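# only geometry, no sequence info:
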DNA sequence: TTGACGGATGTTATAATATATCGGTAGCCT
DNA sequence: AGGCTACCGATATATTATAACATCCGTCAA
Ligand SMILES: [Zn+2]
Ligand SMILES: [Zn+2]
Ligand SMILES: [Zn+2]
Ligand SMILES: [Zn+2]
């Protein structure tokens, strides 16, 4: 058991935050997380940001750049614990966020980059719009 | 000339900011812009944010979500003045940013979205990495 | 002409997001 | 034990963005 690595090595704070993100049905900002942890006493921003970064490093969570918010990794099948690229569809009405890990898209992005000799390291793909549910409600369509 | 619309209807502030963005060889934050306009006297944040939004609305500039920064539209051929979707490759070393408007990618993203019944409105695609120039320099490779 | 109205622009103040920096704690090696 | 290191957390502050209010200016009915 010398080379045991990564997951399950979360401390109490990290676990609490992961649970909080997992229970939420939409992305939480760092300060939403701080508020959500009020039961455990006051928590300072750096504590939360570091814990979030840890979860991201472990592949357990993602940051949504267009929202300044965080979600647990919900990439359908894959068992988390390895970092992976992902895209997101974020509903502007209900906030629900669908994660997708479409390798096809990633390959194409890599291709577009390679055409210019660009070496891709991080890829952010975030689609804002209406989820199927909200799109079917008249209110959300702007009408 | 009753229905003349859009472009060239920039006021002095908007033009100055567009010029500033155009002269910069990398994305500028809103506060970089404020600093860059110091010659013209102090400018307050809302003034700059509103002007930037105007430029974005006119299709003359884009916001980089992963950087909280702004660039002029440099989509190769197209004459700006209409909003369009774009992707970006952002060099982490020199900051230079390449804009691409790959319809193929957009179609695929639309497809990924449609598969879940998601109605895409805004699409952000931002690739961080090394530009061809920086990738060829030993320092930038992390070595 | 003139003064009520409305939209655009500018200012002040403050909110929301994120990090620099320091000090404490615990494991670990000598 | 003593010192080293790495992690952890708190205080303070930096960075990014907007709310709320004031001002200016063109429009148009009276
Ligand atoms: Zn994921
Ligand atoms: Zn929805
Ligand atoms: Zn463009
Ligand atoms: Zn570069």
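Structure's in. What do you need? Computed from a predicted structure; not experimentally measured. Ligands and ions are numbered 1, 2, ... in the order given.
# Give me the phi and psi for the spatially most central residue of chain A.
Geometric centre of chain A, nearest residue: residue A:62, 2.5 Å, by C-alpha atoms, centre = their mean. According to degrees, to the nearest 10, the main-chain angles of residue A:62 amount to phi -130, psi 150.
# Go ahead and confirm it touches residue A:86.
Yes: using C-beta atoms under 8 Å, residue A:62 is in contact with residue A:86, at 5.9 Å. C-beta here means a position set from N, CA and C on the backbone, and glycine is covered the same way.
# Return every residue with contacts to both of those two.
Taking C-beta atoms under 8 Å, 6 or more residues apart in numbering or on different chains as the criterion, residue A:62 and residue A:86 both touch A:73, A:99.
# Show me where chain A dips below the pLDDT cut-off.
A:1-8, A:76-82, A:102, A:104, A:108, A:138-143 (pLDDT under 70).
# so where do the helices sit in it?
Shown for chain A, the helices assigned by DSSP state H span residues A:12-23, A:30-36, A:45-57, A:103-115, A:132-135.
# I'd like to know how many residues surround the closest residue to residue A:121 other than its chain neighbours.
Closest residue to residue A:121 apart from its sequence neighbours, by C-beta to C-beta, 6 or more residues apart in numbering or on different chains: residue B:129 at 4.1 Å. Residue B:129 has 18 neighbouring residues, counting by other C-beta atoms under 10 Å in any protein chain shown.
# circling back to that earlier point, go through the helices of chain A and name the closest to chain B.
When the helices of chain A are compared by C-beta to the nearest C-beta, helix A:132-135 sits nearest chain B, at 3.1 Å.
# And the contacts of the closest one?
With C-beta under 8 Å, 6+ apart as the criterion, helix A:132-135 contacts A:91, A:93, A:94, A:96, A:129, A:140, A:141, B:116, B:117, B:118, B:119.
# thinking again about what came up before, please list all residues in contact with the residue nearest to residue A:121.
Listed by C-beta under 8 Å, 6+ apart, the contact partners of residue B:129 are A:113, A:118, A:119, A:120, A:121, A:122, B:89, B:90, B:91, B:92.
# near DNA strand C, from those residues?
Contacts with DNA strand C within these, counted by C-beta under 7 Å from any atom of the strand: none were found.
# ok, these vs ligand 1, which is closest?
Nearest to ligand 1 among those is residue A:122, at 13.6 Å by C-beta to the ion.
# what residues are up against the nearest residue to the closest one once chain neighbours are set aside?
Once flanking residues are discounted, residue A:122 sits nearest to residue B:128: 4.2 Å by C-beta to C-beta, 6+ apart. Residues counted as contacts of residue B:128 (C-beta under 8 Å, 6+ apart) are A:120, A:121, A:122, A:123, A:124, B:66, B:90, B:92.
# how many other residues sit next to the second one?
The local packing count at residue A:121 equals 13, with neighbours defined by other C-beta under 10 Å.
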